[in-house]
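**Student:** structure, please.
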Amino acid sequence: MTDHYFSKEPGVARDEREITALLRGKTFRFLVDAGVFSKKGVDYGSRLLIETAELPGRGEILDLGCGYGPVGIACSAFAPGCRVTMVDLNRRALELARRNAERNGVSNHVEILESDGLSSLGNRRFDSVLTNPPIRTGKKTVYRLFAESYDKLLPGGSLWVVIRKQQGGASAKKELDTRFAEVEIVEKKKGYWILHARKSIA
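**Tutor:** Residues are numbered from 1 along each chain as shown. Below is the predicted model of the structure:
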């Protein structure tokens, strides 16, 4: 596959369609397209992340690598007291995410930005970061996202990661252990792990 979903400008032909997804008991409608991650439906890992992550009542949430938007849009729906920022490198995915935010009634509560990792976020800080990291890009890229997330989290903030055990779950936990005060595996289902890493308060 020469044109990955993490390309800035996917070269594959458009194939737009609508899907529905039941997330935390609420039905969402998403436009999807070729050249974006999980175009056939919200993938199991993202679903598990949405179902498991504990969202703050108020504050700033970041959806890192938002794709067409299911995680960030769900966060906005279930944490209405928070501001949700959604970032991705894939411009086709970002276009879909903006349209999907409107379709699901949260466009006034989210900000959607093009960014390679967290590089475009300046001095912004977050209470929670959620990510289904692009494993195919390799550990170097994934671990850079972990480091950037740590730097952008407020004291006491949380990073929520979904990763498949067979695609490096244990080594990802070890990497997070080198930075965060607390790291735990809070859920294991169908080979997927949900990792929760908390930054120290001090």
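**Student:** dig out what the residue most central in space within the chain forms beta bridges with.
**Tutor:** Central residue of the chain (C-alpha atoms, centre = their mean): T131, 3.2 Å from the mean position. Beta bridges link T131 to L64, V161, judged by DSSP bridges.
**Student:** quick one: it and W160 touch, right?
**Tutor:** Yes - taking contacts as C-beta atoms under 8 Å, T131 lies within contact range of W160: 7.3 Å. Quick note: C-beta positions are derived from backbone N, CA and C, even for glycine.
**Student:** which residues does the closest residue to I112 other than its chain neighbours contact?
**Tutor:** Nearest in space to I112, with sequence neighbours left out and distances taken as C-beta to C-beta, 6 or more residues apart in numbering, is M86 at 4.7 Å. The contact partners of M86, taken as C-beta atoms under 8 Å, 6 or more residues apart in numbering, are L62, D63, C66, G69, G72, A97, V110, E111, I112, L113.
**Student:** type out the ChimeraX command that picks the buried ones from these.
**Tutor:** Only the buried members of the contacts of M86 enter the following ChimeraX selection, criterion being 16 or more other C-beta atoms under 10 Å:
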select :62,63,66,69,72,97,110,112
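**Student:** ok, so of the contacts of M86, who is nearest R103?
**Tutor:** Minimum distance to R103 across the contacts of M86 is 9.5 Å, recorded for G69 (C-beta to C-beta).
**Student:** how close does the nearest residue to the closest one once chain neighbours are set aside get to G67?
**Tutor:** Of all residues not flanking G69 in the chain, A97 sits nearest, at 3.6 Å (C-beta to C-beta, 6+ apart). The gap separating A97 from G67 is 7 Å, by C-beta to C-beta, to the nearest Å.
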